[in-house]
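Engineer: 3D, please:
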Amino acid sequence: MSSFNKGIRKADVALKWDPNPLGAPAADLDIVAGVYRTDDPYGEPAYLVHFGSRSPDGTITLHRDSKTGQGFGTDEQMTLELDRLSQEYGRVVLGVAIQQREGRMEFGDIHRTHLRLSEGYTELLTDDFTTVERATAATVAEFVRDSDGSWDLHETVRGFDAEPEEFTRLMGVRQR
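Structural biologist: A predicted model of the protein is given here:
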């Protein structure tokens, strides 16, 4: 018998921020998705999707990658087609990392950050990173596959003081 619960099937992530003032270093934020195996949901990620990449099977795609926050509307955009993700994977952690090219930059240094996670027209969560303003990276949500195969969303706003590469190793670690 199949479950009546369809869960989250396809999620869209939109991230935007205002560019830094003229003369200040550019703020470069990146959406990162870590995909974890069903048999090791808190181990090493099976793969990561971030700037300039997509998942090997095409189920997670970064459509837009801004390095400055300039322009109208969304600066970064990612789509996660969870319903197409192999049964081999049971957890997807979603985060945002700030590139640290020109000195330390924290979420509190970046103007008008806004993340929106939605499924179709339904808003699943929003965040402005004010609760992690001293962090250089943050997880915002995780998707977990239920025993019936459907995906549930858990809001997990948690700040990290880590460079982007280090963040990708830490973002999926079990919270204590």
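
Engineer: buried ones in the worst-scoring helix or strand of the chain on mean pLDDT?
Structural biologist: The helix or strand of the chain with the poorest confidence is strand 60-64; it has a mean of 85 (mean pLDDT, DSSP states H and E). By neighbour count with 16 or more other Cβ atoms under 10 Å, strand 60-64 contains the buried residues 60, 62. C-beta here means a position set from N, CA and C on the backbone, and glycine is covered the same way.

Engineer: so, low pLDDT: which residues of this protein?
Structural biologist: Residue ranges of the chain with pLDDT under 70: 1-5, 64-73.

Engineer: how about a cut-off of 90?
Structural biologist: The model of the chain has pLDDT under 90 over residues 1-6, 17-28, 51-54, 56, 62-76, 100-103, 174-176.

Engineer: where do the strands of it begin and end?
Structural biologist: Here the chain has its strands, by DSSP state E, at 10-16, 29-37, 47-49, 60-64, 76-81, 89-98, 114-119, 122-127, 137-145, 151-160.

Engineer: about what we covered before: can you list the neighbours in contact with the least confident helix or strand of the chain?
Structural biologist: The contact list for strand 60-64, computed with Cβ atoms under 8 Å, 6 or more residues apart in numbering, reads 31, 33, 35, 49-55, 74-81, 85, 92.
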